[in-house]
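Engineer: coords please:
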Amino acid sequence: MGDFAPSSYDSWGNKSSAMADEATPAIDLVRLARHCLGDQDLEQELLEMFDRQAARIVAQLTAAALGDPKASADLAHKLKGSALAVGADRVAQAAGRLEALCGDSPGRSALAAALASLAATVSEAREAIVKLIA
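Structural biologist: This is a model prediction of the structure:
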């Protein structure tokens, strides 16, 4: 699985900045197919689970208003791992940034901006999933 090579990802599981790109698809279908060994039913099931989980985590982060940095970092970490599993690299990157910020005790505006970025990338991924499984 060359996509997870250490040279391609930093210590938080984010693609290196040289690889990060707005042209990155919301869902990397090639990676998803490879992880599922071409089983389209499994792909759909994973995408549906990710869709529900991502929505739930963003709602939990928003409701908590990042009041508990440890809990917020844990949620962001969980979302990052799930995103990497389905090829949602931009979600993984945004979740990784939020996770790192929660550990650094930044100002509220930095956390709010990171959460807004995460919510936007999750929304893009969820829209892509709806199109894929419809």
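Engineer: going forward, measure contacts and count neighbours with C-alpha atoms only.
Structural biologist: Noted.
Engineer: quick one, helices of the chain?
Structural biologist: For the chain, helices defined by DSSP state H occupy the ranges 29-35, 40-64, 69-86, 89-104, 108-133.
Engineer: for residue 23, find the nearest of those.
Structural biologist: Nearest to residue 23 among those is helix 89-104 (10.1 Å), distances taken as CA to CA.
Engineer: show me what that closest one packs onto, helices and strands only.
Structural biologist: Contacts defined by 3 or more CA pairs under 8 Å, 6 or more residues apart in numbering; DSSP states H and E place helix 89-104 against helix 69-86, helix 108-133.
Engineer: keeping just the C-alphas, turn that helix into CSV.
Structural biologist: The C-alpha trace of helix 89-104 is given here as CSV (Å, rounded to 0.1, in the frame of the first residue of the first chain):
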residue,chain,number,x,y,z
ASP,A,89,-7.5,12.7,2.2
ARG,A,90,-8.7,16.3,2.6
VAL,A,91,-10.8,15.3,5.6
ALA,A,92,-7.8,13.4,7.1
GLN,A,93,-5.7,16.5,6.6
ALA,A,94,-8.2,18.9,8.2
ALA,A,95,-8.8,16.4,11.1
GLY,A,96,-5.0,16.1,11.6
ARG,A,97,-4.7,19.9,11.8
LEU,A,98,-7.5,20.1,14.4
GLU,A,99,-6.0,17.3,16.4
ALA,A,100,-2.6,19.0,16.4
LEU,A,101,-4.1,22.3,17.4
CYS,A,102,-6.0,20.7,20.3
GLY,A,103,-2.7,19.6,21.7
ASP,A,104,-1.1,23.0,21.3
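Engineer: surely residue 29 touches residue 87?
Structural biologist: Yes. With contacts counted by CA atoms under 8 Å, residue 29 reaches residue 87, the gap being 6.8 Å.
Engineer: of those two, who's got more company?
Structural biologist: More crowded of residue 29 and residue 87, by other CA atoms under 10 Å: residue 87, with 24 against 15.
Engineer: so what's that one closest to, chain neighbours aside?
Structural biologist: Using CA to CA, 6 or more residues apart in numbering and skipping residues adjacent in sequence, the residue nearest residue 87 is residue 28, 4.5 Å away.
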